[in-house]
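*Asks:* got a structure for you, letters missing:
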């Protein structure tokens, strides 16, 4: 029998916390055969990424304590010294991280970074040979004009191209095992499909093994042979991917599957906008350019859009389609360079900050990344209170009471007022962002990718929360996302953008069930689906 490529036996990993340790992985055992593909799935905090880091000994830099046994291609990772770990990393196993922008050096050309990795793990390689290898692997992962683009820096690549560059870096030394930690989380559906297709091709060509960490069961269904479902650091269920997805044996697995947004499920209570609904926000020929002269880039090009009171308008499209730029213009965080923007009949498109001040409370935004949109040095209570203090209508005691009321409203403990952002999970931080947007009692909230980085159960909770808040408070929402299944759960009307323009618009159910534009058809076709969903459609 062939020895396993990966053998994990009774792995336990604990992180220092206060006066003790917190157990992140607890007695986990599994194997991966050479050339096999296994997905680790589960909610945030289940220990998936900790396992992935442990396979390459990357947990050591965090101060974590690990016991048990981890063997990769015969190497005892937990017992290995630094010299042996360097031999394992790159040549035996390589990792693709979740956020390519933070994993790449912003000041160094992509090709130079890949060449450096190759020279570190292939002693004696000349600079010229390493550079040629960098171009070769960039070409292999589908970077066009690889020789020229190897000289580009990370900010000159799109999100999908940066992820391809990270995969190229991992492939530079021809590893036998690729560990991919949420490699498609922030990518739109078409780029996601390309990355998953690339991983399948690389496996077929090189025979490498794959361990995929993901919270997206649709991605797992499309990419691996086996699933290992994790909860609280333990294995809940493991088996062939189709067996687990079609006939889950554990309640937790069934709950995960139930939380996956379905493309064939209509929004509860969805309704088309009526002609007599009050028009809250109206954009006509809205345009935004960045740069000047020949270098000017038109991010949003002649977009006309209406948002009526109480409705949800979903905005979808690939990265670079202009979704986020449009959303920021709608709440006037960006000034349009052309067109009109009217809020409740008043032209606000060209107003300066002093003129916008009366409208700020009514137009709010929930940002994609709650970590970067919250001040790490201030408690969440202080961050939520800011809009109330700016308004100047409440006393300090009234503001504190209002903040605690908002925390409770979004499902958080009111006693968490004095805690800091790093003390919360991703889903909890997103709830804080929603509470902050609700503080000034807005009429319209633009949600920019509010659930893209959350696991399926937390996604479902946040989507449900937004629906409840909309019904209770009569809010209008503009919901921007690349996950078309999530958008269908929340939208009354759908807008599809490409290249800064609207290519299709209509009632959400109509667009999903009978897309007319080829681009919309392509987006819908690229969505990874669970087989049982297709059977139910």
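*Replies:* Great, that's in hand. Keep in mind it's a predicted model, so treat the numbers as computed, not measured. Residues are numbered from 1 along each chain as shown.
*Asks:* residue ranges for the strands of the stretch 351-500 of the chain, please.
*Replies:* 363-366, 444-448, 476-480, 493-498 (DSSP state E, counting those that start in this stretch).
*Asks:* Export the ones you listed as JSON lines, with columns for mean neighbour count.
*Replies:* In short, each C-beta sits where N, CA and C put it, glycine included. Shown next, in JSON lines, are the strands of the stretch 351-500 of the chain (neighbours: other C-beta atoms under 10 Å):
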{"stretch": "strand 363-366", "mean neighbour count": "24"}
{"stretch": "strand 444-448", "mean neighbour count": "25"}
{"stretch": "strand 476-480", "mean neighbour count": "25"}
{"stretch": "strand 493-498", "mean neighbour count": "24"}
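*Asks:* Helices along the stretch 251-400 of the chain, start to end?
*Replies:* Assigned by DSSP state H, counting those that start in this stretch, the helices in the stretch 251-400 of the chain fall at 251-259, 323-330, 353-360, 370-373, 380-391, 396-409.
*Asks:* and among those, the most buried is which?
*Replies:* Per residue and on average, the most neighbours among the helices of the stretch 251-400 of the chain fall to helix 323-330, with a mean of 24 (mean count of other C-beta atoms under 10 Å).
*Asks:* which helices and strands does it pack with?
*Replies:* strand 279-290, strand 297-308, strand 312-316, strand 363-366, strand 444-448, strand 476-480 (3 or more C-beta pairs under 8 Å, 6 or more residues apart in numbering; DSSP states H and E).
*Asks:* just checking, what packs against the shortest one?
*Replies:* Based on contacts counted as 3+ C-beta pairs under 8 Å, 6+ apart, the elements that strand 363-366 packs against are helix 323-330, helix 426-438, strand 444-448.
*Asks:* residues of the second one that come out buried?
*Replies:* Spelled out, it's helix 426-438. 426-438 (16 or more other C-beta atoms under 10 Å).
*Asks:* ok, for residue 24, nearest residue in space, not its chain neighbours?
*Replies:* Spatial nearest neighbour of residue 24, chain neighbours left out: residue 50 (4.5 Å); criterion: C-beta to C-beta, 6 or more residues apart in numbering.
*Asks:* so who does that neighbour touch?
*Replies:* 13, 24, 25, 59, 64, 233 (C-beta atoms under 8 Å, 6 or more residues apart in numbering).
*Asks:* How about residue 6?
*Replies:* 30, 31, 32, 55, 70, 71, 72, 177, 209, 211.
*Asks:* ok so, going back, among the buried residues of helix 426-438, which one sits closest to residue 173?
*Replies:* Nearest to residue 173, judged by C-beta to C-beta, of the buried residues of helix 426-438 is residue 426 at 32.4 Å.
*Asks:* any idea which of the helices and strands packed on strand 363-366 scores lowest on pLDDT?
*Replies:* Among the helices and strands packed on strand 363-366, helix 426-438 carries the lowest mean pLDDT, a mean of 86.
*Asks:* Okay, helices next: where are they in the stretch 1-150 of the chain?
*Replies:* Under DSSP H, counting those that start in this stretch, the stretch 1-150 of the chain gives helices at 48-55, 82-88, 100-103, 110-121, 127-140, 146-149.
*Asks:* Redo these as TSV? Include mean pLDDT and distance to residue 247.
*Replies:* Converted to TSV, the helices of the stretch 1-150 of the chain look like this (pLDDT from 0 to 100; distance: least, C-beta to C-beta, whole Å):
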stretch	mean pLDDT	distance to residue 247
helix 48-55	92	23
helix 82-88	87	37
helix 100-103	76	36
helix 110-121	90	42
helix 127-140	91	38
helix 146-149	90	44
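*Asks:* Of the ones you listed, which is nearest residue 487?
*Replies:* helix 100-103 (24.2 Å).
*Asks:* Between the helices of the stretch 251-400 of the chain, which one is closest to residue 40.
*Replies:* helix 251-259 (12.6 Å).
*Asks:* which strands and helices sit next to the closest one?
*Replies:* Checking 3+ C-beta pairs under 8 Å, 6+ apart, helix 251-259 ends up next to strand 226-231, strand 234-240, helix 456-473.
*Asks:* Packed most tightly, which of these would that be?
*Replies:* strand 226-231 (a mean of 23).
*Asks:* quick one, that one and helix 251-259 angle?
*Replies:* 100 degrees (axes from the mean of the first three to the mean of the last three C-alpha atoms, to 10 degrees).
*Asks:* Now tell me which of the helices of the stretch 251-400 of the chain the model trusts least on average.
*Replies:* helix 370-373 (a mean of 74).
*Asks:* Identify all contacting residues around that helix.
*Replies:* 367, 421, 426, 429, 430, 432, 433.
*Asks:* Closest to residue 85 out of the residues you listed?
*Replies:* For the contacts of helix 370-373, the nearest to residue 85 is residue 426 (29.4 Å; C-beta to C-beta).
*Asks:* residues in contact with the closest one?
*Replies:* Residue 426 neighbours (C-beta under 8 Å, 6+ apart): 44, 370, 453, 454, 458.
*Asks:* where in the stretch 201-350 of the chain is pLDDT low?
*Replies:* The model of the stretch 201-350 of the chain has pLDDT under 70 over residues 265-276.
*Asks:* try it again with 80
*Replies:* 222, 262-277, 293-295, 319-320 (pLDDT under 80).
*Asks:* Closest one of the contacts of residue 50 to residue 134?
*Replies:* For the contacts of residue 50, the nearest to residue 134 is residue 59 (28.6 Å; C-beta to C-beta).
*Asks:* Settle this for me: the closest one is touching residue 52, isn't it.
*Replies:* No: using C-beta atoms under 8 Å, residue 59 makes no contact with residue 52, being 9.6 Å away.
*Asks:* For residue 516, identify the helix or strand it belongs to.
*Replies:* Following DSSP states H and E, there is no helix or strand that holds residue 516.
*Asks:* what's the nearest residue to it if we skip its chain neighbours?
*Replies:* Per C-beta to C-beta, 6+ apart, closest to residue 516 is residue 504, 6.2 Å.
*Asks:* contact partners of the host helix or strand of that neighbour?
*Replies:* Secondary structure from DSSP H and E places residue 504 in strand 501-507. Contacts to strand 501-507, defined as C-beta under 8 Å, 6+ apart, come from residues 270, 272, 301-305, 322, 492-497, 511, 515-517, 519-520.
*Asks:* Of the residues you listed, keep whichever come out buried.
*Replies:* Buried among those by 16+ other C-beta under 10 Å: 270, 301, 303, 305, 322, 492-497, 511, 515, 519-520.
*Asks:* Max pairwise distance over those residues: which two?
*Replies:* Farthest pair in these, by C-beta to C-beta: 270 and 301, 29.0 Å.
*Asks:* looking at the helices of the stretch 1-150 of the chain, which is buried most?
*Replies:* Using mean count of other C-beta under 10 Å, helix 48-55 ranks as the most buried of the helices of the stretch 1-150 of the chain, with a mean of 24.
*Asks:* can you give me the angle it makes with strand 234-240?
*Replies:* Using the same axes, to 10 degrees: helix 48-55 against strand 234-240 is 80 degrees.
*Asks:* How far off centre is helix 48-55?
*Replies:* 19 Å (C-alpha atoms, centre = their mean, to the nearest Å).
*Asks:* Residue 248 - that's part of a helix, no?
*Replies:* No: counting by DSSP: H, G, I helix; E, B strand; the rest coil, residue 248 falls outside a helix, being coil.
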